[in-house]
Each structure stands twice: as structure tokens, then as C-alpha cells.
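Q: Sequence below, structure please.
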Amino acid sequence: MQVYLVGGAVRDALLNRKVIERDYVVVGATPEEMLNQGFTQVGKDFPVFLHPKTQEEYALARIERKSGKGYTGFVCDASSTVTLEEDLLRRDLTVNAIAQDNLGNLIDPYDGKKDLENRLLRHVSEAFSEDPLRVFRVARFATRYAYLGFTIADETMALMQTMVQNGELTTLSAERVWQETKRSLLEQTPDVFFTVLSQAHGLNDWFAELENNVDTALTTLKAAVELEKVEAEKSDAKSCDAESVMLIKRFTALLSHLTEDDAKQLCSRLKVQNQVSEIVTLACKFKALLANTNNSPSDLLALFNGCDAWRREERFTLLLSAFASYAHTQGIDWQHQRGHIERALAAANQVNVQDIIATGVKGPAIKEALNQAKLDAIASISK
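A: So this is what the prediction gives:
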């Protein structure tokens with residue numbers, strides 16, 4: 001039995017990046033031998049085990065044979081005769097196909113180290129095309145390492161384009177696509193992910209609504225990233241963790257130029273979680289009111305009612321933060337506009353329905369009087 005460190009841990013160490021997790025491949029072992037040493041098996045499709053002390057993943061060396069369409073159509077052979085080189089051959093990119101033994105020696109049969117030095121993302125073999133999720137993974141790696149100057153090899157991009165043309169991306173699950181998208185949105189240069197998909201002609205299957213205006217979408221996304229650098233998180237960071245806030249802001253920026261229906265459709269297709277999709281949808285639905293610097297009191301009241309700002313003020317505050325990048329690309333003084341909207345909401349919130357009832361107003365007239373009082377309060381503030 002021989003154990004090797006593989007994949008991301010080796011790659012990132014060679015790039016002088018922080019190693020987050022370590023994965024190992026085991027050559028020459030059987031599942032029974034692993035279990036006898038105290039490992040816990042967790043993999044169903046192929047034998048993956050958790051170390052009894054570190055809980056790190058140890059996978060038996062394996063080879064795969066394509067048996068159907070999509071990313072699940074594989075037959076796996078994880079017998080003890082599978083070699084390390086055979087295991088590395090099935091991996092996606094050469095930079096992910098480098099192993100390291102317990103003495104620190106590198107095993108690099110497919111020149112991954114050279115590709116790291118040349119800042120090149122290149123597929124290991126033609127078997128790359130058997131797993132359509134790899135189109136999104138390459139886009140994510142290109143996004144993660146763009147700041148280091150990485151590019152995608154021409155032959156790999158050509159292969160990705162062929163996979164798209166063959167309809168392979170349609171076999172993926174929404175959950176897998178959203179997971180790759182979400183992780184990419186949290187990188188330093190999230191626009192690269194969508195640029196790569198566009199170059200591979202792969203937007204149409206999952207991001208069709210962006211395809212005709214991808215440049216506009218990416219300009220707004222870049223604006224969101226730039227705003228993050230100069231603005232500290234304020235009250236919205238209290239309700240969500242910083243990573244969730246970042247995801248919401250960036251995804252809203254990406255989709256903010258869409259219509260409400262198109263945004264809903266895209267979020268539904270990707271099965272985006274409600275915490276994110278509801279902000280995106282509100283931004284697209286109310287962007288005209290949010291961006292209009294000449295709103296009347298009735299316009300602002302319609303905005304507050306439509307966003308349920310009365311009961312969901314925390315969410316409304318996050319919406320205002322997420323809308324900043326779109327406003328920026330439209331040349332709007334968002335600091336001033338946001339301040340006006342917040343002052344109007346604060347004024348309207350001072351209206352007490354009990355005070356209205358105390359005047360003798362009853363029944364359906366209460367709502368009408370409440371709205372009028374809120375309109376008067378909004379009208380009383382100045383820009």
C-alpha cells in the first residue's frame with residue numbers, strides 16, 4: 001500500500017497559496033484493508049475513506065470508463081492493480097494531476113508542474129470530455145487563478161466548445177452548476193467565470209438570459225467588486241455572514257439589467273436559494289424606482305410597499321446595498337439617492353396606526369388614512 005498527496009493541495013503548495021484541505025490517493029490497497037486500519041468508507045460510487053484521526057479523505061486509485069451520457073455515467077474500477085499514473089490520467093487538468101509521496105517527491109507524468117510555471121490550464125487527456133461538469137470547473141479554476149495570469153490552453157477550450165455543441169452541459173444538475181457558479185462568484189475576479197463560459201459558447205444552456213447582454217452584466221459585476229474594495233460592510237453584515245452578503249451583491253449585480261421575469265427564470269433554473277434570489281428579483285422589479293432621483297412620495301411609498309420594507313427592513317437595507325453597483329454603472333450618485341430613500345422610509349415608519357385609530361377613523365378607512373399619513377411624512381423630507 002502506497003499513499004500519495006494529490007490534487008489541490010499539491011497544486012496550491014507549488015503556487016505558494018494556502019492549502020485548505022488535503023486529499024490522498026491510495027495505491028495497492030483494497031476496501032477491506034482500509035477498513036481494517038480503522039478508516040471509514042463514505043463513497044458509494046467509488047471507495048473513498050476518512051482517516052480515523054484526521055478525517056481527511058483517502059481514495060483508492062481508480063480508473064473510469066464512460067458508460068452513459070452526463071457526469072454520472074461512469075463505471076469505476078478501484079482494484080488494487082490500478083497504478084498511480086492511471087489514476088492521475090483520469091483527472092481533469094494537468095495542474096491537478098500531480099502527486100507527492102511521503103518524502104516530498106513529486107510524481108508528475110503529465111507535465112502539470114510545467115503548466116503551472118507557464119500559467120496554463122490544460123486537460124490531461126481526451127477523457128476530459130466525458131464529464132461535462134469539467135467545463136464549469138475549468139471556468140472556475142480560470143477565475144480563481146486569473147490574478148496569477150493563468151489562461152486556458154487552446155486545445156482545451158476547443159474541447160470545451162465541442163462538449164457544449166454536443167449538448168453535454170444540459171445533462172448536468174442545477175445543484176452542481178450553481179455550486180460551481182457560487183464558488184466562482186466569491187473569487188477575486190468573478191467575471192472571468194462567465195467570460196470563459198461565453199468563449200466556450202456555454203452560456204445558453206444555463207445562463208441564456210445573459211447571453212445577449214453579457215458585456216453589460218460583467219461590467220456591473222466588476223463594479224460590484226470594485227465597490228467592495230472601497231466600502232466597508234455596514235448594517236447588512238449583521239444579518240448575514242460576509243460571504244453571503246458578497247454572494248448576494250455580486251449575483252444581483254450580474255442580473256440587475258434583466259427584467260423581473262428573466263431574473264426569476266434564471267434563478268429558478270439554477271435553483272438559487274431564496275436568500276439570494278429574492279434580492280435579485282426585487283432589484284430587477286424595482287430598479288426604475290430605485291434609480292429614479294425624482295421619485296414622488298407615491299413612488300417611494302410604492303417602492304416600500306412592494307418590497308415590504310415595513311416588515312422586512314433588514315432585507316430592504318441589503319437590497320439597497322446590492323443595488324449600488326447597478327446605480328454606479330448608470331451614473332447615479334447612489335450615496336445621495338440611497339440616503340434620500342432611507343430618510344423617506346424612516347419618516348414613513350414614524351407614522352403610528354394607533355394614532356390614526358385614535359382620531360376615530362374606522363374600518364377600510366384606516367388603511368387609506370395610514371397611506372396618506374405616510375405620504376405626508378415622505379413629502380416632508382427634503383433631498
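Q: Please identify which helix or strand holds the most centrally placed residue in the chain.
A: In the chain, the residue lying closest to the centroid (C-alpha atoms, centre = their mean) is Lys182, at 1.3 Å. Element membership for Lys182, per DSSP states H and E: helix 174-185.
Q: got the CA coordinates for that helix in CSV?
A: The C-alpha trace of helix 174-185 is given here as CSV (Å, rounded to 0.1, in the frame of the first residue of the first chain):
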residue,chain,number,x,y,z
ALA,A,174,-28.9,22.6,-11.4
GLU,A,175,-27.3,22.0,-8.0
ARG,A,176,-23.9,21.2,-9.5
VAL,A,177,-23.9,24.1,-11.9
TRP,A,178,-25.0,26.6,-9.1
GLN,A,179,-22.3,25.2,-6.8
GLU,A,180,-19.6,26.0,-9.4
THR,A,181,-21.2,29.3,-10.1
LYS,A,182,-21.4,30.3,-6.5
ARG,A,183,-17.8,29.4,-5.7
SER,A,184,-16.7,31.4,-8.7
LEU,A,185,-18.7,34.4,-7.7
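Q: before we move on, the earlier item: can you give me the distance of the residue nearest to the centre of the chain to Arg140?
A: 10 Å (C-beta to C-beta, to the nearest Å). C-beta coordinates here come from the backbone N, C-alpha and C atoms, glycine included.
Q: same check, this time on Arg90
A: The value you get for Arg90 to Arg140, if C-beta to C-beta is used, is 19 Å.
Q: for Val48, same thing?
A: Val48 is 21 Å from Arg140, by C-beta to C-beta.
Q: Tell me which stretches of the stretch 101-250 of the chain form helices.
A: 112-117, 133-144, 154-165, 174-185, 191-199, 204-211, 214-230, 242-255 (DSSP state H, counting those that start in this stretch).
Q: Kindly reformat those as CSV and extend each row with distance to Leu266 and mean pLDDT.
A: What follows is the helices of the stretch 101-250 of the chain, written out as CSV (distance: least, C-beta to C-beta, whole Å; pLDDT from 0 to 100):
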stretch, distance to Leu266, mean pLDDT
helix 112-117, 34, 98
helix 133-144, 16, 98
helix 154-165, 18, 98
helix 174-185, 11, 98
helix 191-199, 12, 98
helix 204-211, 5, 96
helix 214-230, 11, 95
helix 242-255, 7, 96
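Q: So which of these is nearest Thr83?
A: Of all the helices of the stretch 101-250 of the chain, helix 112-117 sits nearest to Thr83, with 16.8 Å by C-beta to C-beta.
Q: circling back to that earlier point, skip the chain neighbours and tell me the closest residue to the residue nearest to the centre of the chain.
A: Leu247 (6.3 Å; C-beta to C-beta, 6 or more residues apart in numbering).
Q: Phi first, then psi, for the nearest residue to Glu243 once chain neighbours are set aside.
A: Nearest residue to Glu243 in three dimensions, chain neighbours excluded: Leu186, at 6.4 Å (C-beta to C-beta, 6+ apart). Backbone geometry at Leu186, expressed as degrees, to the nearest 10, gives phi -90, psi 0.
Q: coming back round to it: dump the helices of the stretch 101-250 of the chain into TSV; add distance to Phe316 as well.
A: As requested, the helices of the stretch 101-250 of the chain are arranged in TSV below (distance: least, C-beta to C-beta, whole Å):
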stretch	distance to Phe316
helix 112-117	46
helix 133-144	31
helix 154-165	39
helix 174-185	22
helix 191-199	27
helix 204-211	25
helix 214-230	19
helix 242-255	13
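Q: show me where the stretch 251-383 of the chain has helices.
A: 260-270, 274-285, 287-291, 297-306, 313-322, 324-329, 334-349, 353-358, 365-379.
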